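K.L.:
Okay, sequence plus prediction incoming.
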Amino acid sequence: EESLIKRAIEKQYLNVSLVNFRKHGHGKHLQVDDTPYGGGPGMVLRIEPIAQTLKEQKEFHRSSGRETHTILVTPQGRPFSQEKARELSRKKAVLTLICGRYEGFDERLRSLVDEEISGGDFICMGGEVITMTMIETISRLVPDVLGNQESAVHESFTQPMLEFPQYTRPASFEGMEVPEELKSGNHKIIAQWREEQALERTKNRRPDLLQCKTKS
């Protein structure tokens, strides 16, 4: 109840809503999944309930003069990244994220979305956790959501490097000292130290980020 997203919603910086496509399920039990054609384990989400829900959402938002941008959250999509989050946070359209369960979606659903995004090269029981991660990552880039917008500027992945090490009081703890550069009060020295540390940390932990920077 004290989350930044909740406060942002209350202050109308953004709006997050949950839409259940089960209301358009098949038959008296409102079934939204079925066995796969050709056989195999598990169940596949049917296309009709999701398609009908998407249609309603588009019509609802268009009546208010807003377009929608529909994202299918799937392991087969392009990997989600800070860069993608930044791109999506700048869109004027309403973002619609579809997450599923079971063995996946009816393939024909792909024709109804604008793009497909993956949380990474791993499999979850459903797309809910990945979708919530995407919502939080995108939301914190919306202006005024963070108390101090500079917080989002110096983080890992904002630039093609990991974030520099951070310290707070006490200055000494069990023989571990805060670097003298950070206590110098000299902004130029502090900035240089942080840049050097960020570069060194990236080289050691995520050299692939530096390779991407070189290619770009």
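P.N.:
Thanks, I have the structure now.
K.L.:
roughly how far apart are Q211 and L199?
P.N.:
Distance of Q211 to L199, given as Cβ to Cβ, to the nearest Å: 13 Å. In short, each C-beta sits where N, CA and C put it, glycine included.
K.L.:
Which one of these two is surrounded by more residues?
P.N.:
Shown here are Q211 and L199; by other Cβ atoms under 10 Å, L199 has more neighbours (14 against 11).
K.L.:
That one: what secondary structure?
P.N.:
Under the three-state scheme (DSSP: H, G, I helix; E, B strand; the rest coil), L199 adopts helix.
K.L.:
Leaving out the residues flanking it, which one is nearest to it?
P.N.:
The spatially closest residue to L199, leaving aside those adjacent along the chain, is M161, at 6.2 Å (Cβ to Cβ, 6 or more residues apart in numbering).
K.L.:
Return the residues in contact with the one you found.
P.N.:
Listed by Cβ atoms under 8 Å, 6 or more residues apart in numbering, the contact partners of M161 are A198, L199, R201, T202, L209, L210, K213.
K.L.:
In what element of secondary structure is it found?
P.N.:
According to DSSP states H and E, M161 maps onto no helix or strand at all.
K.L.:
can you start the count at 743 instead of 1 from here on
P.N.:
All right, first residue 743 from here; so that's M903.
K.L.:
What values do phi and psi take at H768?
P.N.:
Note on H768: backbone dihedrals following degrees, to the nearest 10 are phi -90, psi 130.
K.L.:
Quick check: the nearest residue to it once chain neighbours are set aside vs Y755, distance?
P.N.:
Once flanking residues are discounted, H768 sits nearest to R788: 6.4 Å by Cβ to Cβ, 6+ apart. According to Cβ to Cβ, R788 and Y755 sit 36 Å apart.
K.L.:
rewinding a little: my read: the residue nearest to H768 touches G769, true?
P.N.:
No: with contacts counted by Cβ atoms under 8 Å, R788 stays clear of G769, the gap being 10.8 Å.
K.L.:
Give me the domain ranges for the protein.
P.N.:
746-881, 896-957 (automatic domain parsing).
K.L.:
and among those, the most buried is which?
P.N.:
domain 746-881 (a mean of 15; mean count of other Cβ atoms under 10 Å).
K.L.:
got the end-to-end distance for that one?
P.N.:
9 Å (Cα to Cα, to the nearest Å).
K.L.:
Same check on stretch 865-873?
P.N.:
Taking Cα to Cα as the measure, stretch 865-873 stretches 13 Å from start to finish.
K.L.:
Relative to the whole chain's centre, how far out is that stretch?
P.N.:
Chain-centre distance of stretch 865-873: 12 Å, with Cα atoms, centre = their mean, to the nearest Å.
K.L.:
Please apply the same query to stretch 943-953.
P.N.:
Put simply, stretch 943-953 sits 22 Å off its chain's centre (Cα atoms, centre = their mean).
K.L.:
Helix, strand, or coil at the residue sitting nearest the centre point of the chain?
P.N.:
Nearest to the mean C-alpha position of the chain, counting by Cα atoms, centre = their mean, stands M876 at 1.9 Å. Judged by three-state DSSP, the three-state class of M876 is helix.
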